[in-house]
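> got a predicted structure here, sequence first:
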Amino acid sequence: MKPHILPLMPLYLLNRISPSRYLSMQKCALREIWAANGKVPYLLPSSPASKLGIVVHKLIEQANRRELLDEQSMINTWQQEIINIEHGMKKNWLEQHLLPLATYTKNYEVKRRLCYRLVKNMINTKGKNFKKPGLRVEREVWLETRDKKIGGRVDAIFWNAGSVQIIDYKSGPGTCNEDNIVKEEYRQQMKLYAALFYSKNGFWPAKLTIISLSRQEYNVAFDKIECLEMLTQVKSK
């Protein structure tokens, strides 16, 4: 793409909407439609913090899938993902000035260390939960409505003697607002996951939990009717 010249970027219908993308669409629907169809949203550059968040979540996903075997594989993956992200940013004239991420991301080193600590804990405790009677853990679980119009992937689902807990990890700059309340966009996302779980399984989870990069846990209260109304609202978009 030539600097200062935007390419022709046609619009396409979305085949599926995820909870996270729906929340982003409320801020800028056009940007998300382009992103969902593989069209790079050139109108505004992504923040360095959001780029680093992609790297953090990649490590969490691989730890969930048991692809990271030890600390060295975790470090190697972090370094490679940073290289991949920065390589993509170099190709975008709107993001070139935000490199390197280690310089232009606020609290980069703190976030890297917190990510390492979280992922190392996931690696070191792998398999231990399965030794508890009645406990089963599913990771990287895909949930969707029967018509497949709405779907998303949750980081983990804990089944404990018939009780279900949905877990989602957050790598963003802050899980709570200034009043120490979980951010509204995160609460909406978790409520949609609860509705998707119900749509797939026919019963509701008992608990919705967000885990921050610092390993703090936040439970999200939810109302079943509100969750279903949110799901209906997303379908109407």
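That came through fine. Residues are numbered from 1 along each chain as shown.
> and the next helix or strand past the strand or helix carrying Ser50?
Under the criterion of DSSP states H and E, Ser50 resides in helix 48-64. Helices and strands here follow DSSP H and E; after helix 48-64, the next one along the chain is helix 71-90.
> what does the very next helix or strand once past that next one contact?
Downstream of helix 71-90, the first helix or strand assigned by DSSP H and E is helix 101-104. With CB atoms under 8 Å, 6 or more residues apart in numbering as the test, helix 101-104 has contacts from Pro48, Lys51, Leu52, Ile82, Ile85, Glu86, Leu98, Tyr108, Glu109. In short, each C-beta sits where N, CA and C put it, glycine included.
> test my guess that Met190 contacts Pro205.
No. Between Met190 and Pro205 there is no contact under CB atoms under 8 Å: 9.5 Å.
> mutual contacts of the two, please.
By CB under 8 Å, 6+ apart, the residues touching both Met190 and Pro205 are Ile166.
> more crowded one of the two?
The neighbour comparison of Met190 against Pro205 (other CB atoms under 10 Å) goes to Met190, with 26 against 21.
> tell me the secondary structure for that one?
helix (DSSP: H, G, I helix; E, B strand; the rest coil).
> give me every residue that touches it.
Taking CB under 8 Å, 6+ apart as the test, what Met190 contacts is Ile166, Asp168, Leu208, Ile210, Val220, Phe222.
> tell me the spacing between Arg65 and Val110.
Taking CB to CB, to the nearest Å as the measure, Arg65 falls 26 Å from Val110.
> now the strands for the chain?
135-144, 151-160, 163-170, 207-212, 217-219 (DSSP state E).
> each with direction, which strands does the second one pair with?
Note on strand 151-160: by DSSP bridges, its sheet partners are strand 135-144 (antiparallel), strand 163-170 (antiparallel).
> ok and the longest one relative to helix 48-64, angle-wise?
Pointing back at strand 135-144 there. Angle, strand 135-144 to helix 48-64, by axes from the mean of the first three to the mean of the last three CA atoms, to 10 degrees: 130 degrees.
> what is the mean pLDDT for strand 135-144?
Across strand 135-144, pLDDT averages out at 89.
> can I get stretch 204-219 as PDB, trimmed to CA atoms?
The C-alpha coordinates for stretch 204-219 follow below in PDB (Å, rounded to 0.1, in the frame of the first residue of the first chain):
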ATOM      1  CA  TRP A 204     -26.200 -22.900  32.700                       C
ATOM      2  CA  PRO A 205     -22.700 -22.600  34.100                       C
ATOM      3  CA  ALA A 206     -22.500 -21.900  37.900                       C
ATOM      4  CA  LYS A 207     -19.700 -19.400  37.700                       C
ATOM      5  CA  LEU A 208     -18.000 -17.000  35.200                       C
ATOM      6  CA  THR A 209     -14.400 -16.100  36.100                       C
ATOM      7  CA  ILE A 210     -11.900 -13.700  34.600                       C
ATOM      8  CA  ILE A 211      -8.200 -14.200  35.400                       C
ATOM      9  CA  SER A 212      -5.900 -11.200  34.900                       C
ATOM     10  CA  LEU A 213      -2.300 -11.300  33.900                       C
ATOM     11  CA  SER A 214      -1.300 -10.900  37.600                       C
ATOM     12  CA  ARG A 215      -3.400 -14.100  38.300                       C
ATOM     13  CA  GLN A 216      -6.100 -12.200  40.100                       C
ATOM     14  CA  GLU A 217      -9.600 -13.800  39.800                       C
ATOM     15  CA  TYR A 218     -12.800 -11.900  39.200                       C
ATOM     16  CA  ASN A 219     -16.200 -13.500  39.300                       C
END
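> give the buried residues for it.
Across stretch 204-219, burial judged by 16 or more other CB atoms under 10 Å covers Pro205, Lys207, Leu208, Thr209, Ile210, Ile211, Ser212, Leu213, Tyr218.
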